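>>> Pasted the sequence and its predicted model underneath.
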Amino acid sequence: MAFYYRALGFRPGYGWTVARAPDFDAPGRVELINAGDGNYIELFPAGPEAPAGLLWHIALRFRDTALAYRRAIDNGARPYSFKLAGGGVWTGEPTVFMQNGEPPNRVVLAFIRGPDGEVIEMVQNRRL
């Protein structure tokens, strides 16, 4: 995180732990770095299978994740699903989660694949 804080002038935002990061099976700390003006960069632990220099996904904030998700799907985006740490598969549709940072944080998240295959995380909450 030091690179983002020192080199780019970003600020700490919010962090939490994950038992398994999507796609790369890497446990660890996730950091949502405040890039200013309501924009964040979300950094996940990559694990040994991740290619070097990989930009896995971007996280964008929305006032209404369900509306943004539906609009994206209606305009050619595809749902992005992945395995959950506790088992099962999440379809990527808008879902309420409680993040375990300090303080705990209620978010509505959704995941899609954009037109070029990029993973876009849609985030809605009052804290960030």
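Right, received. Where do you want to start?

>>> Mind giving me the packing neighbours of the helix of greatest length in the chain?
Looking across the chain with DSSP state H, the single longest helix is helix 65-74. In this structure, helix 65-74 packs against strand 105-113, strand 119-124, with contacts taken as 3 or more C-beta pairs under 8 Å, 6 or more residues apart in numbering; DSSP states H and E. The way it works is simple: take the backbone N, C-alpha and C, and place the C-beta from them, glycine included.

>>> all helices of the protein, in order?
Counting by DSSP H, the helices of the chain are 2-6, 65-74.

>>> Same list (the helices and strands packed on helix 65-74) but as a markdown table, adding mean pLDDT and distance to residue 66.
As requested, the helices and strands packed on helix 65-74 are exported to a markdown table (pLDDT from 0 to 100; distance: least, C-beta to C-beta, whole Å):
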| stretch | mean pLDDT | distance to residue 66 |
| --- | --- | --- |
| strand 105-113 | 92 | 7 |
| strand 119-124 | 88 | 8 |
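
>>> So which of these is nearest residue 57?
Residue 57 lies closest to strand 119-124 among those, at 3.5 Å (C-beta to C-beta).

>>> Given the closest one, what are its sheet partners and their directions?
Partners of strand 119-124 in the sheet, by DSSP bridges, are strand 57-61 (parallel), strand 105-113 (antiparallel).

>>> list the buried ones in the least confident helix or strand in the chain by mean pLDDT?
Lowest by mean pLDDT, DSSP states H and E among the helices and strands of the chain is helix 2-6, with a mean of 73. Neighbour-count burial for helix 2-6 flags residue 4 (criterion: 16 or more other C-beta atoms under 10 Å).

>>> what's the answer for stretch 92-103, then?
Result for stretch 92-103 [16+ other C-beta under 10 Å]: buried residues 92, 93, 94, 99, 101.

>>> Dump that stretch to PDB, keeping only the CA atoms.
The C-alpha coordinates for stretch 92-103 follow below in PDB (Å, rounded to 0.1, in the frame of the first residue of the first chain):
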ATOM      1  CA  GLY A  92     -22.500 -11.800  -8.900                       C
ATOM      2  CA  GLU A  93     -26.100 -10.300  -8.600                       C
ATOM      3  CA  PRO A  94     -26.600  -7.500  -6.100                       C
ATOM      4  CA  THR A  95     -26.200  -8.800  -2.600                       C
ATOM      5  CA  VAL A  96     -25.900  -7.300   0.900                       C
ATOM      6  CA  PHE A  97     -22.600  -8.200   2.700                       C
ATOM      7  CA  MET A  98     -21.200  -7.200   6.100                       C
ATOM      8  CA  GLN A  99     -17.400  -6.600   5.800                       C
ATOM      9  CA  ASN A 100     -15.400  -7.400   8.900                       C
ATOM     10  CA  GLY A 101     -13.200  -4.300   9.100                       C
ATOM     11  CA  GLU A 102     -13.300  -1.700  11.900                       C
ATOM     12  CA  PRO A 103     -16.000  -0.600  12.200                       C
END
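
>>> This completes my enquiry, with thanks.
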